[in-house]
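Asker: My questions are about this predicted structure, shown below with the sequence.
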Amino acid sequence: MRIPFWTAAAILVALLVQSAVSQAAPGYARILDPFLLVLVYCGLSGGETHGMLAGAAAGWVQDVHFGGTVMGLSGLTKILVGFAVGVGAARFLLAGPGARLLVLLVATVVDAVLFEQLAAIFDVRAYELSTGGLATRATLNAVIGVLLFEVVDRRRRRRELRS
């Protein structure tokens, strides 16, 4: 019961962050992807099933609130990325900040490229990021994600020690 609650709470926080960034600085709203941060953390900490389900939920919320004409496009990309991160976390030790930074960089790039390719398949106009824009997005997501993951992990460890 705890895991679905915290995952839903994290998706709600991601929605609030994305909404605030979209209102405050609409031009920069595509640079940060808090939904991706949620599904990567879920994939790293809970495996492929948790990453995939968190990706589905986060992608659908993102599609409903910020999506275009085809619902489910972000959901599909987030499912695939969440599953891949979860599989990688089950096979490799991805607990350190360096490994998580690399996972976030790769996940951001894969998510953006997959989204563009799927949009082209469905003949949907999608935002195109330049190479520099994609590098900025990946770097920002990775740095913010690693910092957030460390904070969340410390709180989880404190809670486990008290229990």
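Answerer: Yep, it's here. Everything quoted here is computed from the prediction, not taken from an experiment.

Asker: what's near enough to touch residue 82?
Answerer: Residues near residue 82 by Cβ atoms under 8 Å, 6 or more residues apart in numbering: 39-40, 42-43, 48, 51-56. To be clear about C-beta, it is placed using only N, CA and C from the backbone, and glycine gets the same treatment.

Asker: repeat that with 6 Å
Answerer: Neighbouring residues of residue 82 by Cβ atoms under 6 Å, 6 or more residues apart in numbering: 39, 43, 51-52, 54-55.

Asker: Most neighbours out of those, which is it?
Answerer: Comparing the contacts of residue 82 by number of neighbours (other Cβ atoms under 10 Å), residue 39 comes first, having 33 neighbours.

Asker: and it, how far is that from residue 160?
Answerer: Separation of residue 39 from residue 160 (Cβ to Cβ, to the nearest Å): 23 Å.

Asker: Also residue 2?
Answerer: With Cβ to Cβ as the criterion, residue 2 and residue 160 are 12 Å apart.

Asker: again, but for residue 50
Answerer: 18 Å.

Asker: returning to what we had before: narrow the contacts of residue 82 to those in helices?
Answerer: Counting by DSSP state H, the part of those found in helices is 39, 43, 51-52, 54-55.

Asker: wait, residue 107 sits on residue 81?
Answerer: Yes: taking contacts as Cβ atoms under 6 Å, residue 107 lies within contact range of residue 81: 5.3 Å.

Asker: With neighbour numbers in mind, choose between these two.
Answerer: residue 107 (28 against 25).

Asker: The more buried one in helix, strand or coil?
Answerer: Three-state call for residue 107 (DSSP: H, G, I helix; E, B strand; the rest coil): helix.

Asker: Sketch out the low-pLDDT regions of this protein for me.
Answerer: 1, 68-69 (pLDDT under 70).

Asker: Which residue lies nearest the spatial centre of it?
Answerer: residue 36 (0.8 Å; Cα atoms, centre = their mean).

Asker: List the residues that contact residue 127.
Answerer: residue 30 are the contacts of residue 127 under Cβ under 6 Å, 6+ apart.
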